[in-house]
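Q: here is my input, please return the structure:
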Amino acid sequence: MLKAAGACIVAKDTKRVLLQQRSLDSSYPRTWGFWGGKVEENENISQGMLREVGEELGFDILDCIYKIYPYDQYHSRDAEFSYYTFIVVVNNEFIPNINEETGGYAWVNIQYLPKPIHPGAKRTLFKKNKISYLKEIISHL
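A: Modelled structure (predicted):
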């Protein structure tokens, strides 16, 4: 079974969300979504998420995390793939040092999401009550 994990990164200082635009060489190229990737066999889900996010941002995100919330889980019908999403609140907006997996990035107000959104991120964000949960967290920062 393939496990992957990602982060919906929110800045405490601006209450904006950092989204990743996927590179032209990735699956679902040029779509906007969360930062993350495959969890290795020797990692738990949160370790894999933090490592992947750090690799894609170009620095250790642990240095700026304020709080982490579990957000969503997706399991394919054939049980061959699972994706775990976390809301990662950081103290301040920052400029990522993007790698070849990223075509671009944007800090956005959750009310004004760029398009097209990656299908997995879209499913998570617009799943029943999930966008409300994200907005509630943001409103209490």
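Q: so what touches stretch 130-141?
A: Contacting residues not belonging to stretch 130-141 are listed as 8, 10, 12, 15, 17, 69, 71-72, 87, 89, 110, 124-125 [C-beta atoms under 8 Å, 6 or more residues apart in numbering]. For glycine as for every other residue, the C-beta is placed from the backbone atoms N, C-alpha and C.
Q: ignore what I typed, I meant stretch 46-64.
A: Judged by C-beta under 8 Å, 6+ apart, the contacts made with stretch 46-64 from elsewhere in the structure are 3-7, 9, 20, 35-40, 43, 68, 84, 86, 88, 90-92, 94, 96-99, 101-102.
Q: same question for stretch 32-41.
A: Outside of stretch 32-41, the residues that reach it under the criterion C-beta under 8 Å, 6+ apart are 2-9, 18-22, 45, 47-49, 51-53, 55-57, 85, 101, 106, 113-118, 120-121, 124.
Q: what do you get if the cut-off is 6 Å, keeping everything else the same?
A: For stretch 32-41, the surrounding residues in contact (C-beta atoms under 6 Å, 6 or more residues apart in numbering) are 3-8, 19-21, 45, 48-49, 52-53, 56, 114, 117-118, 121.
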